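Asker: quick one, what's the 3D model for this:
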Amino acid sequence: MDLQSLVERARGGDVEAFVALTGRFQHAAYGSALALLRDFQLAEDVVQEAFVAAWAGLPGLAEPAAFPGWLRGIVRHQAFRLMRRKQPPTLPLADAEALPSEAPAPDHVVQHRDEAAAALAAIAQLPDALREVATLFFVHECSHQDIASFLGLSVATVNNRLHAARKQLKQRMLTMMKDTLHAHALPDDFANRIGRLVETRGGIVEALFDPTAMPDILAELAVSDEANRRAVNVHVVQRAAGGLVRGVALSQFGALPRGATVLSSGKHTTTPVGDLPFEQIVPLLAGPSPLAAGQARLVETGIKVIDVMCPLVAGGSLALAGEFGAGTMVVMEELVRRLSGGPDAVFLFTLLQRWKEEDFSYAAELEKDGYSEGTVGSVQTFFFRAEDGPWTAERLAALAPVDSVVHLSRERAKAKLYPCVDVLTSRSRALDAKAVSAEHARIAESVRQLLATMWADNSFANSDSAEVTLARARKLQNFFGQPFFVAEPYTKRPGSQVSRADALEGCRSILDGECDDLAVEAFYFEGSLAEIRARWQRPEAQACEAG
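Answerer: Next up, the predicted model:
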C-alpha cells in the first residue's frame, strides 16, 4: 500500500496501518536516533517513545507525504529530550561474574563493547551532514531512497554524502562498523509490538494487537499516558481471540483514552502476584463469587482429589498455586480439557514460579500443546507470576479472594503422588459455605485429619491398630492419584474420569475399613474403587501381591 493511503488509514485509527508505517520507517528512525545518542539501547527507547508520540499526533498531520520528515522530527525531539536527562549509572565489569552461565564470557563482553564503541566513535567523527546518512545506511542497510525520503533529501545528495563518508572511514573500520550495527539492530518484530488500548476496568487493561504477533503471556506492556507524560506498566495475564490481550496494571492510573498506544517490551514481568492487589483483580476478571449469593452449584471435574477436597463451583474461581516441578501446567491443561466443553463458566488463576529463563515463553508452550488462547469454551485462564519457593501459609492466605485453591507441592511430587495436590493446604469455600452435602463435608474433613496425622512426624504409635490406620491413610493418599488425559503420551496410561459420587464412596470405604483387604499398592495411580477391585482381584494381580 502506498504511503498516503497508509497515513490516511492510520489517522483514522487503523492500528494495522500504523504498524505498517512503523515497520517501513523503524530502521530509519533507529538510525537517526543512534546518530544523535550513540547508544544502542537508548536509541531503541527513543524510537518507541517516538512511535507513541507519532500515534497520538498523527490526526494533526495535514499532509500525508510529509510523514517521513515529520517522524524524523519527533525522533530528534525525543532524542534531545533524553540527552538532557541524567544518564543512568553503568555497572562495573566485575558484575558480569554474576551472570548466568549461558551468557558470553566477560572478555567477549568487553571485546564486543569495545567494537561497538569504536564503530560509534568513527561515526561521531564525521561531519553533521554525513553522520546521519552513514548511520541510516549501516543500520539494516536502509536503501538510498528510504534515506532520501526520511531526511527530505534527493537520492543524488544521499549518494554524494555516502561517498564522502566512505572516504573518511578506513576500510577496516567500515567493515567492523557494518557488522557491529547489524548486531545491535532492531528486532524484526519491533513494529508489531505496537497495539491499541481498547478498554480499562479498574486495574484491568485490554489492548488489541496484530493477531499474528500477540505479546506472550506475562509479557510487560507500556500504555501511553500522554496527559500525564508517562507510561502505565502492565503485564499480560490472558491472550484472548482476535489479537485481544488482557493485562493487570502494576500501579494506579487515571483515565486513559480509547485507542492509546500500547507497546510490548518483549520481556516478561518480574512482579509476583504477592505484590499485586489480588483482592481487587479477582472480582474484575471473574465477577462476584456465586457463593456470596448462596446459590452455588458444584462443577464436576472427574479428578478425585479436586472434587472431594477442593470442589469447584459453577461461575466460580480457582487458583492453581503450583511450586516449580509440581506439574502446574499439566493440571491447568487437564482442567481446561475436562471443563471447557461444559455449560458452566470457570475462572482459572494459574500462578507460575521460575520466571527467570529469558528465552522461555509459556505462551509458546501453550501453543505447542494446543492451549494458545486464554479462553477455551467455558473456561477462562489467567496467568500470574509467583515467587519461588514453597507456598507458605501466609502466601496461600493471600489467595482468599478465589473460591478454591489447589496447592501443588514439590513434597508430594518427591513422593511420586500425581497430581501433586497437598490436601492439607488446598481448600474450597464450597465446603465451608455448605454448598456440598453434609456427608461430603464429613468425608472431606475425615480425610484431611487422617492425612494430616500421616504426614506429621512420629504420629502413629507402635500398635496393630496404628498400623491399620496408617495403611488406610496411605491408601487414601494413593487413591487421590489418577492418570490424566493430557499426560497419556508420557504415562502410557489412558486418562481416568471418576465421578464425584464414586470418589466420595471410595474415600468412605477406605475410611470405614471396607478396603482393608486390598494392598496399599492397589490404589496407586488408578481410577474408581470399582476399577481398583476389578484390577486387583484378578488372579494374576493377587499372585503379584503375594510375590
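Asker: name the next helix or strand downstream of the lengthiest helix in the chain, please.
Answerer: Of all segments of type helix in the chain, defined using DSSP state H, the longest is helix 15-37. Where DSSP states H and E defines the elements, the next helix or strand beyond helix 15-37 is helix 40-57.
Asker: with just CA atoms, put the helix or strand following that next one into CSV.
Answerer: Note on helix 40-57: by DSSP H and E, the next helix or strand toward the C-terminus is helix 67-84. Below are the C-alpha coordinates for helix 67-84, written out as CSV (Å, rounded to 0.1, in the frame of the first residue of the first chain):
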residue,chain,number,x,y,z
PHE,A,67,5.1,11.7,7.3
PRO,A,68,8.8,10.7,7.0
GLY,A,69,10.2,14.1,7.8
TRP,A,70,7.6,14.6,10.5
LEU,A,71,8.5,11.3,12.1
ARG,A,72,12.2,12.2,11.9
GLY,A,73,11.4,15.5,13.7
ILE,A,74,9.7,13.6,16.5
VAL,A,75,12.6,11.2,16.8
ARG,A,76,15.1,14.1,17.1
HIS,A,77,12.9,15.8,19.6
GLN,A,78,12.7,12.7,21.8
ALA,A,79,16.5,12.1,21.5
PHE,A,80,17.3,15.7,22.5
ARG,A,81,14.9,15.4,25.5
LEU,A,82,16.6,12.2,26.5
MET,A,83,20.1,13.8,26.2
ARG,A,84,19.0,16.5,28.6
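Asker: what lies in contact with helix 67-84?
Answerer: 3, 7, 21, 25, 28-29, 32-33, 36-37, 42-43, 45-47, 49-50, 53-54, 57, 61, 149-152 (C-beta atoms under 8 Å, 6 or more residues apart in numbering). All C-beta spots, glycine's among them, are computed from the backbone N, C-alpha and C.
Asker: and Gly316, its phi and psi?
Answerer: Gly316 adopts backbone torsions of phi -100, psi -180, taken as degrees, to the nearest 10.
Asker: next one: it relative to Gln380, how far apart?
Answerer: Note on Gly316: its distance to Gln380, by C-beta to C-beta, to the nearest Å, is 12 Å.
Asker: quick check: neighbours shared by those two?
Answerer: 286, 346-347.
Asker: all strands for the chain, in order.
Answerer: With DSSP state E, the ranges of strands along the chain come out as 194-201, 204-208, 219-225, 230-239, 244-249, 261-268, 298-299, 312-313, 317-322, 346-352, 375-376, 379-385, 404-408, 427-428.
Asker: got a markdown table for those strands, with mean neighbour count, distance to Val447 and mean pLDDT too?
Answerer: Shown next, in a markdown table, are these (neighbours: other C-beta atoms under 10 Å; distance: least, C-beta to C-beta, whole Å; pLDDT from 0 to 100):
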| stretch | mean neighbour count | distance to Val447 | mean pLDDT |
| --- | --- | --- | --- |
| strand 194-201 | 19 | 40 | 87 |
| strand 204-208 | 22 | 38 | 92 |
| strand 219-225 | 22 | 41 | 85 |
| strand 230-239 | 23 | 33 | 89 |
| strand 244-249 | 24 | 36 | 93 |
| strand 261-268 | 20 | 38 | 81 |
| strand 298-299 | 22 | 17 | 96 |
| strand 312-313 | 26 | 18 | 96 |
| strand 317-322 | 27 | 20 | 96 |
| strand 346-352 | 24 | 23 | 94 |
| strand 375-376 | 17 | 31 | 82 |
| strand 379-385 | 23 | 27 | 94 |
| strand 404-408 | 26 | 15 | 97 |
| strand 427-428 | 24 | 13 | 96 |
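Asker: now render these as a markdown table, adding distance to Pro127.
Answerer: Listed next are the strands of the chain as a markdown table, based on distance: least, C-beta to C-beta, whole Å:
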| stretch | distance to Pro127 |
| --- | --- |
| strand 194-201 | 34 |
| strand 204-208 | 43 |
| strand 219-225 | 36 |
| strand 230-239 | 36 |
| strand 244-249 | 46 |
| strand 261-268 | 34 |
| strand 298-299 | 72 |
| strand 312-313 | 70 |
| strand 317-322 | 60 |
| strand 346-352 | 53 |
| strand 375-376 | 57 |
| strand 379-385 | 50 |
| strand 404-408 | 64 |
| strand 427-428 | 72 |
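Asker: tell me, how many neighbours does Ala43 end up with?
Answerer: Number of residues near Ala43 (other C-beta atoms under 10 Å) recorded here: 26.
Asker: what stretches of the stretch 1-150 of the chain score poorly on pLDDT?
Answerer: Applying pLDDT under 70 to the stretch 1-150 of the chain flags the ranges 85-121, 138-142.
Asker: now with 90?
Answerer: For the stretch 1-150 of the chain, residues meeting the criterion pLDDT under 90 lie at 1-66, 68, 77-150.
Asker: ditto for the stretch 301-450 of the chain
Answerer: Residue ranges of the stretch 301-450 of the chain with pLDDT under 90: 324-325, 341, 352-377, 388-389, 432-434.
Asker: circling back to that earlier point, against which helices or strands is the longest helix of the chain packed?
Answerer: If you count contacts as 3 or more C-beta pairs under 8 Å, 6 or more residues apart in numbering; DSSP states H and E, helix 15-37 packs onto helix 3-11, helix 40-57, helix 67-84, helix 128-138, helix 144-151, strand 194-201.
Asker: show me what the second one is in contact with.
Answerer: Residues outside helix 40-57 that contact it (C-beta under 8 Å, 6+ apart): 10, 18, 22, 26, 29-30, 33-34, 37, 70-71, 74-75, 77-79, 82, 116, 184, 186, 190, 194, 222, 224, 226, 231, 260-261, 263.
Asker: ok, of those residues, which come out buried?
Answerer: Buried members of the contacts of helix 40-57, scored by 16 or more other C-beta atoms under 10 Å, are 10, 18, 22, 26, 29-30, 33-34, 37, 70-71, 74-75, 78-79, 82, 116, 184, 186, 190, 194, 222, 224, 226, 231, 260-261, 263.
Asker: domain assignment for this structure?
Answerer: Domain assignment for the chain, taken from automatic domain parsing, gives 3-87+104-183, 192-271, 281-429, 445-546.
Asker: go through these and name the closest to Ser437.
Answerer: Relative to Ser437, the nearest member of the domains of the chain by C-beta to C-beta is domain 445-546, separated by 8.8 Å.
Asker: which of the strands of the chain sits closest to Met454?
Answerer: Closest approach to Met454 among the strands of the chain (C-beta to C-beta): strand 404-408, 17.1 Å.
Asker: pull the CA atoms of that closest one into CSV?
Answerer: The C-alpha coordinates for strand 404-408 follow below in CSV (Å, rounded to 0.1, in the frame of the first residue of the first chain):
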residue,chain,number,x,y,z
SER,A,404,-11.0,-22.7,45.6
VAL,A,405,-7.2,-23.1,45.9
VAL,A,406,-5.3,-26.2,44.7
HIS,A,407,-1.8,-26.2,46.1
LEU,A,408,0.6,-28.3,44.1
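Asker: ranges for the helices of the stretch 251-400 of the chain?
Answerer: 278-286, 304-309, 328-339, 362-368, 393-397 (DSSP state H, counting those that start in this stretch).
Asker: what do you get for the stretch 401-547 of the chain?
Answerer: Using DSSP H, counting those that start in this stretch, helices in the stretch 401-547 of the chain cover 410-414, 429-432, 438-455, 464-479, 488-491, 500-511, 529-536, 539-546.
Asker: of those helices, flag the one that's most buried.
Answerer: helix 500-511 (a mean of 21; mean count of other C-beta atoms under 10 Å).
Asker: other residues contacting that one?
Answerer: With contact meaning C-beta under 8 Å, 6+ apart, helix 500-511 is reached by 298, 300, 304, 307-308, 311, 439-440, 443, 446-447, 450, 472, 475-476, 479, 498, 515, 523, 528-530, 532.
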